[in-house]
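> what follows is a protein structure lacking sequence information:
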């Protein structure tokens, strides 16, 4: 009888232990296929007209560092700008962030790569709207004009940051997907990213693109700084895993804004604490910030802290 009681207790104890371990694992686990870590740091630069230079930004040699030139836009530079059906022009600070500046920063730091971002929120006080005349014409014009810019500046990558749309999600997916396919097929770029955020009008476009052409997208620069400024660490982690599920199999990056307009989880309220939790669980795929222009005045304290975190083994 004593042996039977002990065996029963042992069996119940093992069952309890198994259920406890299972509960802990499932409550904190990332979506399937997401357990990777990275030392990637990315930062948008050149959109604010503040005269920033690449050399202004601190670069830790122990991270993979991506500058993202902001923005290339398919709009006319006129009194009343209008879409050009995929004929892109470089509208970042081309004086300070010139072709020679790109070459110089990459020569100085072998860990630096430079990309350009398409679209953005606004241009000359009006929304930058994705509005192709047709799929074929937009793709042909975009491939031609962007190839010229990318080769002139010797860039490695492209980022998609359209936030306003004058067409349906399927058209956006086909145009951007074919653009990425052509640029990669021609070895014009080596990596691509998208920059969605959680707004009723935005996710359908990027999710349609991801569903059809996700294999061409290397990074998801999800704009977590578009969430409420009352975001807590647990909420940030919840948002991160939600978007990791939406962009299943993708490398979703943690993000914060350094401008006064950005919301989300700030360093003051635990941004780096959240990043450390993601890193500890093996789910920090990198960090990106908007933007270097806004960080210059304060001396880039958050860029320095982020890169130290990423570089630490």
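That came in fine, so what should we check first? The shown structure was predicted, so the numbers you read here are calculated from the model rather than taken from an experiment.

> check which helix or strand covers residue 242.
helix 233-246 (DSSP states H and E).

> quick one: name whatever helix or strand follows that helix.
Following helix 233-246 in sequence, per DSSP H and E, is strand 254-257.

> which other residues reach that following strand?
221-225, 240, 262-267, 271, 274-275, 278, 284-291, 294, 302 (C-beta atoms under 8 Å, 6 or more residues apart in numbering). From N, CA and C alone the C-beta is placed, and that goes for glycine too.

> go again using 6 Å as the cut-off
224-225, 271, 275, 287-290 (C-beta atoms under 6 Å, 6 or more residues apart in numbering).

> most neighbours among those residues, which one is it?
residue 287 (28 neighbours; other C-beta atoms under 10 Å).

> surely it touches residue 306?
Yes. Using C-beta atoms under 6 Å, residue 287 is in contact with residue 306, at 4.8 Å.

> between those two, which contacts overlap?
By C-beta under 6 Å, 6+ apart, the residues touching both residue 287 and residue 306 are residue 41.

> from the contacts of strand 254-257, which land in strands?
287-290 (DSSP state E).

> pLDDT and distance to residue 192 for those residues - can I get that in CSV?
Listed next are the ones in strands among the contacts of strand 254-257 as CSV, based on pLDDT from 0 to 100; distance: C-beta to C-beta, whole Å:
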residue, pLDDT, distance to residue 192
287, 98, 18
288, 98, 14
289, 98, 19
290, 98, 18
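
> for residue 95, state which of those is nearest.
Nearest to residue 95 among the ones in strands among the contacts of strand 254-257, counting by C-beta to C-beta, is residue 290 at 21.3 Å.

> tell me who's in contact with the closest one.
44, 257.

> redo that, cut-off 10 Å
Contact partners of residue 290, counting by C-beta atoms under 10 Å, 6 or more residues apart in numbering, are 42-45, 47, 68, 70, 161, 195, 221, 223, 225, 255-259, 261-262.

> same check, this time on residue 161
So residue 161 contacts 44, 68, 70-72, 117-121, 128, 193-197, 221, 223, 290 (C-beta under 10 Å, 6+ apart).

> beta partners for it?
In this entry, residue 161 is beta-bridged to residue 119, by DSSP bridges.

> now do stretch 173-188: distance to the chain's middle.
18 Å (C-alpha atoms, centre = their mean, to the nearest Å).

> now that stretch: buried residues?
173-184, 188 (16 or more other C-beta atoms under 10 Å).

> cool, stretch 193-209 as well?
193-197, 202-209.

> repeat for stretch 43-58
43-48, 50, 52-54, 56-57.

> all set, thanks.
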